[in-house]
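A.B. asks: 3D, please:
(2 chains)
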Amino acid sequence: KITYTILIDGLCRGSMVDLALGLVVQMRHVDCSLDIITYNILVDGLCKLGRVEEALELADEMTQVGCSWDIITYNKLIDGLCKVGSLHSAFRLIAEMRHADCAPDIISYTALINGLCKEGRVHEALGLVAKMIQDGFSPDIITYTILIDCVFKVSRMDQPLGLADKMRQDGCSPDIIAYSTLIDGLCKEDRVDLALGLAAEIRHADCTPDIIMYNSLINGICMEERLIEAFGLVAKAIRDGCSPDIITYTTLMNGFCKAGKVDEALGLADKMIQDGWFPDTVTYSTLIGGLCKVYRVDLALRVLSKMRHADCSSNIVTYNTLIDGLVKVGRVDSALKLVA
RNA sequence: GUUGGGUGACUCU
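C.D. replies: Numbering: from 1, shown residues only, chains lettered A, B, ... in the order given. The predicted structure is shown next:
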C-alpha cells in the first residue's frame, strides 16, 4: 500500500493525476484499499491542476467509504477552492471544520488569507489575520510573505517594508522567498536599485539566492531598459549556482521586445533552444508581441504556426496579442480570420 | 508515504 502511495504521490507531483487514478483502479483490483494518505495525495494532485470539482467528488467518496477527512484533507480543499476563486465554499469548509472536531490550524487560515490577498481583499485578509491570532496562531514567515506580496500588489507603497520590519520583530527572519517577494515588489515599483541592494544583503542573512530572485531582478532591470546590466545579472546568477531557466530567457526576450529590439529577442530564442529549452506559450507570445510592436505581423503569424508545429498550445493572450497587432496595422480581416 | 508563501507574455490601471 505504501509503495502504491509513494508512486501515486510521484505521479501527482508530476501533474500526472490521471495516471495516478489509473493506479488507484489497479490497487482496487488487488484488493488494496485507499487510506487517508492516499486520498489526500489524490485530492492534492487534482487541486493542483485546478480540478477541484473532482477533488471534492473524491473527498465525498472518502466519507462514503468511512474514511473521515483529516485536517490535511480540509486544508487542501480550502486551498484548492481559494485558488479557483471559490472563497465562499472555502469559508464554508472552515465553518464545517469546527463542527467536525477538526479545528482550523495556521495552514487553514493562511490558505484563506492567501485567497483573499490574491483577490486584492487586503482588509478582509488583515481581519482574518487578527482572527487567527485570537485563535492562538501567530503569523509566521509564510503569512507575512503573503501579506507583503499582497500589499505591494495592491497599494504599491512603502508599507511592505514596514511589514518586513514587523516580521523581524516577531522573530521571523526572512527566508529566500520573503526576500524575493520584497525584491520583486520593489522592482515593480521601479526601485530596482533598492532591490539590488536587498539582494546583496541576503548573503549576510543566511539565505541562498535562487533563480526566482534573479528572475525578478532581471525583469526589473529589463523594464528600465538596462539590458547590459541584465546580462550581468545572468552571469552573476550562474556564479551563484543558479542556472537560468525558461523564465530567465523569456524575461530577457521581453526586455528586448519592449525596447523594440525584437531581432535580439529572436536570437535569444535560438540560443535557448540550443541550450536545450523548449519555448513555452509565454515565450512564443512574448515574441509575437515584440514582432507586432514593430509592425512585423507577418513574421508574428509565422511564429504562431511555428508554435503549433512545436506542439505548444496558444492561449487567449497569444491571440489577443496577435489580434491587437493585426488591427493596429489595419489588417482587421486577418484578425477576424484568427477569431473564426 | 500527504496540506499554506515569491519570478516571464496581451488589454486596462
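A.B. asks: who's in contact with A:Val332?
C.D. replies: In this structure, A:Val332 makes contact with A:Leu326, judged by C-beta atoms under 8 Å, 6 or more residues apart in numbering. Where C-beta positions appear, they are placed from N, C-alpha and C, glycine not excepted.
A.B. asks: check it and give its pLDDT.
C.D. replies: For A:Val332, the model assigns a pLDDT of 93.
A.B. asks: if I look at it, how far off is RNA strand B?
C.D. replies: Counting by C-beta to the nearest atom of the strand, to the nearest Å, the gap from A:Val332 to RNA strand B is 16 Å.
A.B. asks: dump the residue contacts of A:Gly255.
C.D. replies: Contact analysis of A:Gly255 by C-beta under 8 Å, 6+ apart lists A:218-219, A:221-223, A:225, A:227, A:230.
A.B. asks: count the neighbours of A:Asp333 for me.
C.D. replies: A:Asp333 sits with 8 neighbouring residues when counted by other C-beta atoms under 10 Å.
A.B. asks: just the element for it, please.
C.D. replies: Secondary structure from DSSP states H and E places A:Asp333 in helix A:332-339.
A.B. asks: ok, now A:Thr286?
C.D. replies: Going by DSSP H and E, A:Thr286 is part of helix A:281-293.
A.B. asks: off-centre distance for that helix?
C.D. replies: Helix A:281-293 has its C-alpha centroid displaced from the chain centroid by 20 Å (C-alpha atoms, centre = their mean, to the nearest Å).
A.B. asks: name the helices or strands packed onto it?
C.D. replies: Packing contacts for helix A:281-293, counted by 3 or more C-beta pairs under 8 Å, 6 or more residues apart in numbering; DSSP states H and E, involve helix A:246-258, helix A:262-274, helix A:297-309, helix A:316-328.
A.B. asks: okay, these in a markdown table with mean pLDDT next?
C.D. replies: Formatted as a markdown table, the helices and strands packed on helix A:281-293 follow (pLDDT from 0 to 100):
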| stretch | mean pLDDT |
| --- | --- |
| helix A:246-258 | 98 |
| helix A:262-274 | 96 |
| helix A:297-309 | 97 |
| helix A:316-328 | 97 |
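A.B. asks: which of the contacts of A:Gly255 are close to RNA strand B?
C.D. replies: A:Asn219 (C-beta under 7 Å from any atom of the strand).
A.B. asks: of the contacts of A:Gly255, buried ones?
C.D. replies: The neighbour-count test (16 or more other C-beta atoms under 10 Å) applied to the contacts of A:Gly255 identifies A:218-219, A:221-223, A:227, A:230 as buried.
A.B. asks: alright, calling it a day.
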